[in-house]
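Chemist: Here's my sequence, what's the structure:
(chains A and B)
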Amino acid sequence: MKSLRTVLGLGLCTLVLFGILYPLAMVGIGKVMPERSAGNPIFREGTLVGFEQIGQSFTSPEYFWGRPSAVEYNAASTGGSNFGPTNPEFLALVQERIDAFLSSNPGLTAADLPIELITASGSGLDPHITRQGALIQASRVANARGVSEEALQKLIDTHTEKALFGMFGPSDQVNVLKLNLAVDELTASN
Amino acid sequence: MNTEILGVFLIFLLSVGLAWPLGKYIVKVFRGEKTWTDFLSPLERLIFKISGIDPNQPMDWKQNMKTLLGINVLFFVFAFLALAFQGSHPFWNPVNIGNWEPTLAFNTAVSFATNTNLQHYSGESGASYFTQLLVFCWLQFVSAGTGIAACALLFQGLKNRTGSNLGNFYNLMVKSCTRILLPLAVVLAVILMVNGTTANFEGLAEVTTLEGEIVQVAGGPTAPMVAIKQLGTNGGGYFGPNSTHPFENPNYLTNIAENVAILLIPMALVFAFGFFLNRKKLALMFFGVMTVLFITFTAVSVSEEIKGNPAIAAMGIATDQSNMEGKEVRFGAAASSLWGVSTTATSNGSVNSMHDSHTPLSGGIFMLDMFINAVYGGVGVGFINFFLFVIVAVFIAGQMIGRTPDLLGKKIEAREVKIAAMVVILHPLLILVGTAMSSYGIVQDPSLGWLKNPGFHGFSEMLYENTSASANNGSGFEGLGDNTPFWNILTGVIMLLARYIPIIGPLAIVGSLSVKNPVPATAGSLQLDSPAFATVLISVIVIVAALAFFPAMVLGPLAEYYTF
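Modeler: Numbering: from 1, shown residues only, chains lettered A, B, ... in the order given. So this is what the prediction gives:
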């Protein structure tokens, strides 16, 4: 009986400490930085239009497009495709994406395409594409919006993120949502 | 050298650099010496008082084993009930998620109690806040604490001149949680929150996208959960796709912090072995053996992923591009491979890329890592697994030089070698039998439809799942449709056997070593910290893994590789 009490007592104590107090304390510390601990939400005219690091679906020609997503950017049920590299179904899908991208962005060839624009991310919410991936869409967006390609290229430049401390990790990526917000602003101010 | 590769070096060096002082600190905690965390001792005394525990009561290996198993039964029973009746109580369940089907509840309860965290459910849609915190967050602490405490018992058993006292399991477990895991988890959780990992109870946020669509974005108390999942080699993600999710792992800085956290305690325990027994040179030799394997695996995986997928290159895109299917742009291929090797080496099982979508050899490396399951290894149990390889290597080396083998001044005799050999064989046995059963099942009835991918890769999915269960890892080739009664029960049973037998066996070995009379070291004794023994040890590890698993590797990853 003594050992039963010990097991139950220890279980209860650790449950309260690590299952309730620890997470609540961390959420409490998070209140000190409400923006960040809410996942850096972005509001436009009072409406929640997204979170900085949560990618969203862009399909119309006047926006820069993000990566393909296995869950169509459904942020309530996320995930990757889990296709193996030799799966014929997967390879056919990649070919389809190449063809679709080339036909809606005339003047490009397959050799211009960076890999992330034709493959799906692990989370299905990847907020980034590479700088190259944005540059090759500039002419399409410029045509659709009636703005100059140079203005868009400048925006891409200012939105290009470098490696951490300039030294570590991938370099030259662009946050698609932030870029598109800037594009909207640019058009609105014209 | 490009910045992606530099990032890989940084993560590895940071891990080693932090693990060394942490190892020293861990030894102080094990010995009950003064540390800066002594302000926590009133809390611990309160826990001991409520539970009626005398933390200084000496216990031999059998008493310790019984207490370990007793508390683990409670972990399982509570978790099972909480999951099976998740929807039947009103607590902390804002979106009214329902009860779990019994085999899924069984699998998941085992999975979290055994520090595996194989997840056949998806966090954001299947688990209420109550479940995430009072079941998953809690068990990620105490199951890791169980492993660390078992490792401390092993250290004490090896240190004893002659005596059966291995220390007190309750005391060691509680202090592993409060003094080692908790402070580190607080630091990591804060780093994550600063970078935009959520920590709230807001439920779903309604977002109006720029194109006017309405989408629901799931948030929640992610930061505290992710912190402990990395540190305790648990790996149970808050969200379905684990640390690929931008809320779990928002940027490259958090990726560094989380990857370091995966490696930190497993590495520190190897150093702690050296400090505890005052055999620093031997600990460094062990660390070197593990590191040789780790670096080799990382090099293969990184280079394969950076080379990319030749089948996609054949479609006319520029050929110098990495394999990015299932990966995030903000991490890139190199950091995804390093994470994959780290998480499979340490039995963590969290992922920052989809392992199913890695190129064949990289996926094969992840499996090899789990076949060995002792390259740093899970918190506590990794070193225990490694210790078994040491026993086998000592025995073989002893045979080669024609002497009764001895380890740290104690004779290794038939009983110890038998136990070590049986436990070493258990791991391939579980994996191969499980894979054989599942392969038979799917061949007999293809309509079961488990496999996302056809051919060799489909076989790899089943092999990976069984390996992950037996290594108490928890990652998956997640294309496998594994939430079925068959998989839930099969992997549940494998996880149970593969967790407790490899703890009990080594404890029995040190239990019997610790009461033996020491033999004096002579010129003829085996020099454990010599390069010669290191070579024997590496050979034993590689040969055991290669002999047992080579045929399975040929049918899965290697065969797929040659179809390119």
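Chemist: Run through chain A and note the low-pLDDT ranges.
Modeler: Flagging of chain A using pLDDT under 70 yields the residue ranges A:1, A:190.
Chemist: Return the distance of the spatially most central residue of it relative to chain B.
Modeler: Most central in chain A under Cα atoms, centre = their mean is residue A:127, positioned 1.3 Å from the mean C-alpha point. Using Cβ to the nearest Cβ, to the nearest Å, residue A:127 is found at 6 Å from chain B. (Each C-beta comes from the backbone N, C-alpha and C, glycine too.)
Chemist: Go ahead and confirm that residue touches residue A:54.
Modeler: Yes. Shown here, residue A:127 and residue A:54 form a contact pair, counting by Cβ atoms under 8 Å, at 6.4 Å.
Chemist: Now the common contact residues for the two.
Modeler: Common contacts of residue A:127 and residue A:54, defined by Cβ atoms under 8 Å, 6 or more residues apart in numbering or on different chains, comprise A:177, B:246.
Chemist: Would you enumerate the residues in contact with the residue nearest to the centre of chain A?
Modeler: A:52, A:53, A:54, A:55, A:66, A:175, A:176, A:177, B:246, B:330 are the contacts of residue A:127 under Cβ under 8 Å, 6+ apart.
Chemist: do residue A:10 as well
Modeler: Residues near residue A:10 by Cβ under 8 Å, 6+ apart: B:47, B:51, B:53, B:71, B:170, B:174.
Chemist: Am I right that the last one falls within a strand?
Modeler: Yep, that's residue B:174 we're talking about. No. Counting by DSSP: H, G, I helix; E, B strand; the rest coil, residue B:174 falls outside a strand, being helix.
Chemist: Just the pLDDT for it.
Modeler: Looking at residue B:174, its pLDDT is 97.
Chemist: Under the pLDDT cut-off, which ranges of chain B? List them.
Modeler: Confidence mapping of chain B against pLDDT under 70 gives the ranges B:1.
Chemist: Let me see the contact set for the spatially most central residue of it.
Modeler: Compute the mean C-alpha point of chain B, and by Cα atoms, centre = their mean the closest residue is residue B:347, 1.9 Å away. Taking Cβ under 8 Å, 6+ apart, we find residue B:347 in contact with B:115-116, B:233, B:370, B:373, B:377-378, B:381-382, B:471-474.
Chemist: Domain ranges for chain A, per the record?
Modeler: A:1-38, A:41-189 (automatic domain parsing).
Chemist: how about those domains, which one is nearest residue B:403?
Modeler: Nearest to residue B:403, of all the domains of chain A, is domain A:1-38, at 43.6 Å by Cβ to Cβ.
Chemist: Same list, the contacts of residue A:127, but as TSV with distance to residue A:112 please.
Modeler: Shown next, in TSV, are the contacts of residue A:127 (distance: Cβ to Cβ, whole Å):
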residue	distance to residue A:112
A:52	28
A:53	27
A:54	28
A:55	22
A:66	17
A:175	21
A:176	18
A:177	23
B:246	27
B:330	22
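Chemist: which one of the residues you listed is nearest residue B:61?
Modeler: When the contacts of residue A:127 are ranked by distance to residue B:61 (Cβ to Cβ), residue B:246 comes first, at 46.3 Å.
Chemist: helix, strand or coil for that closest one?
Modeler: Counting by three-state DSSP, the backbone at residue B:246 sits in coil.
Chemist: Let me see the contact set for it.
Modeler: Going by Cβ under 8 Å, 6+ apart, residue B:246 touches A:51, A:53, A:54, A:55, A:123, A:125, A:126, A:127, B:196, B:328.
Chemist: Who wins on neighbours among those?
Modeler: In terms of neighbours by other Cβ atoms under 10 Å in any protein chain shown, those top out with residue A:123 at 35 neighbours.
Chemist: picking up where we left off before, got the domains of chain A as JSON lines, with distance to residue B:438 columns?
Modeler: Output for those, formatted as JSON lines (distance: least, Cβ to Cβ, whole Å):
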{"stretch": "domain A:1-38", "distance to residue B:438": "34"}
{"stretch": "domain A:41-189", "distance to residue B:438": "17"}
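Chemist: Need the winner for burial among these.
Modeler: Across the domains of chain A, averaging neighbours per residue (mean count of other Cβ atoms under 10 Å in any protein chain shown) puts domain A:41-189 on top, at a mean of 19.
Chemist: Return the subset of the contacts of residue A:127 lying in helices.
Modeler: A:176, A:177 (DSSP state H).
Chemist: How are the strands of chain A distributed by residue range?
Modeler: Taking DSSP state E as the criterion, chain A carries its strands at A:41-44, A:47-51, A:128-130, A:160-161, A:173-175.
Chemist: Relative to residue A:70, which of those strands is closest?
Modeler: With Cβ to Cβ, the closest approach to residue A:70 among those belongs to strand A:128-130: 16.2 Å.
Chemist: In its sheet, which strands sit next to that closest one, and in what direction?
Modeler: strand A:173-175 (antiparallel) (DSSP bridges).
Chemist: Contacts for the partner strand next, please.
Modeler: Around strand A:173-175, the neighbours that count as contacts under Cβ under 8 Å, 6+ apart are A:52-53, A:64, A:127-131, A:133-134, A:156, A:159-161, B:329-330.
Chemist: give me that answer again for 10 Å
Modeler: Contacting residues not belonging to strand A:173-175 are listed as A:52-53, A:55, A:64, A:66, A:116, A:126-135, A:155-163, A:181-182, B:252, B:328-330, B:332 [Cβ atoms under 10 Å, 6 or more residues apart in numbering or on different chains].
Chemist: wait, doesn't residue B:188 sit right on residue B:260?
Modeler: Yes. Contact criterion Cβ atoms under 10 Å: residue B:188 and residue B:260 qualify, at 9.1 Å.
Chemist: thought residue B:148 was touching residue B:381?
Modeler: Yes. When contacts are counted by Cβ under 10 Å, residue B:148 is listed as touching residue B:381 (9.1 Å).
Chemist: Nearest to residue A:24 among the contacts of residue B:246?
Modeler: If you rank these by distance to residue A:24 using Cβ to Cβ, residue B:196 comes first, at 20.2 Å.
Chemist: hang on, isn't the closest one packed against residue A:42?
Modeler: No. Residue B:196 is beyond contact range of residue A:42, at 11.5 Å (criterion: Cβ under 10 Å).
Chemist: ok, back up a step: so residue B:148 and residue B:381 - more neighbours on which side?
Modeler: Comparing residue B:148 with residue B:381 by other Cβ under 10 Å, the one with more neighbours is residue B:381, at 31 against 28.
Chemist: So the residue nearest to the more buried one when sequence neighbours are not counted: helix, strand or coil?
Modeler: Spatial nearest neighbour of residue B:381, excluding adjacent residues (Cβ to Cβ, 6 or more residues apart in numbering or on different chains): residue B:147 at 4.7 Å. Classification of residue B:147 using three-state DSSP returns helix.
Chemist: likewise the one 3 residues further on?
Modeler: Assigned state for residue B:150: helix (three-state reduction, three-state DSSP).
Chemist: Next one: it relative to chain A, how far apart?
Modeler: Distance of residue B:150 to chain A, given as Cβ to the nearest Cβ: 16 Å.
Chemist: Give me the common contacts of residue B:148 and residue B:381.
Modeler: The contact sets of residue B:148 and residue B:381 overlap at residue B:269 (Cβ under 10 Å, 6+ apart).
Chemist: intersection of neighbour lists for residue B:188 and residue B:260?
Modeler: Jointly contacting residue B:188 and residue B:260 under the rule Cβ under 10 Å, 6+ apart are B:230, B:231.
Chemist: Among the contacts of residue B:347, which one sits closest to residue A:76?
Modeler: The shortest approach to residue A:76 among these belongs to residue B:474, at 23.3 Å (Cβ to Cβ).
Chemist: Isn't the closest one up against residue B:112?
Modeler: Yes. Look at residue B:474 against residue B:112 with Cβ under 10 Å: they come within range, at 9.3 Å.
Chemist: Are there residues contacting both of these two? Which ones?
Modeler: B:118, B:119, B:234, B:236, B:495.
Chemist: which of these lies closest to residue A:3?
Modeler: Taking Cβ to Cβ as the measure, residue A:3 lies nearest residue B:495 of the shared contacts of residue B:474 and residue B:112, at 24.9 Å.
Chemist: Understood, closing this out.
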